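Asker: below is the sequence, then the predicted model.
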Amino acid sequence: MAKKPAAEPVYRVTEVIGSSPISWEDAAKNAVAAAAKTLRDLRIAEVAKLDMKVEDGAVVAFRARILLSFKYEG
């Protein structure tokens with residue numbers, strides 16, 4: 001009997017925003033680390049946007065908007 005071909009994987013993309021007082025790199029790492037606590041099988045992280053929080057003319061936080069993909073289970 002012939003084997004049924006495996007179904008092609010399906011992925012979802014979700015957006016998360018990380019923050020750090022140190023750098024955009026830390027902000028991105030914080031976003032991925034937080035998402036990894038509740039999402040499984042993370043595959044790709046893409047930096048979509050970088051910005052900074054400014055108070056009284058000074059940068060107080062770096063923010064990174066990250067698009068994360070993960071595989072649907074089923």
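Answerer: Done, it's in. Numbers count the residues shown, from 1 in each chain.
Asker: and the helices in this structure?
Answerer: Ranges of helices within the chain are 24-36, based on DSSP state H.
Asker: show me the shaky parts of it.
Answerer: For the chain, applying pLDDT under 70 flags the ranges 1-2, 4-6, 74.
Asker: can you pull out the strands in it?
Answerer: Counting by DSSP state E, the chain has strands at residues 11-20, 42-55, 58-71.
Asker: what residues sit buried inside the shortest one?
Answerer: When you say that, I think you mean strand 11-20. The neighbour-count check on strand 11-20 (16 or more other CB atoms under 10 Å) flags Val16, Ile17, Gly18, Ser19, Ser20 as buried. Every C-beta, even on glycine, is put in place using the N, C-alpha and C of the backbone.
Asker: beta partners of Arg65?
Answerer: On the basis of DSSP bridges, Arg65 takes part in beta bridges with Ile17, Lys49.
Asker: could you list every residue that touches it?
Answerer: Glu15, Val16, Ile17, Val47, Ala48, Lys49, Leu50, Asp51 (CB atoms under 8 Å, 6 or more residues apart in numbering).
Asker: likewise Ala48?
Answerer: Glu15, Arg65, Ile66, Leu67.
Asker: which residues touch the residue nearest to the third one when sequence neighbours are not counted?
Answerer: Spatial nearest neighbour of Ile66, excluding adjacent residues (CB to CB, 6 or more residues apart in numbering): Ala31 at 4.6 Å. Contacts of Ala31 were listed using CB under 8 Å, 6+ apart, and they are Val16, Ile17, Gly18, Ala45, Ala64, Ile66, Leu68.
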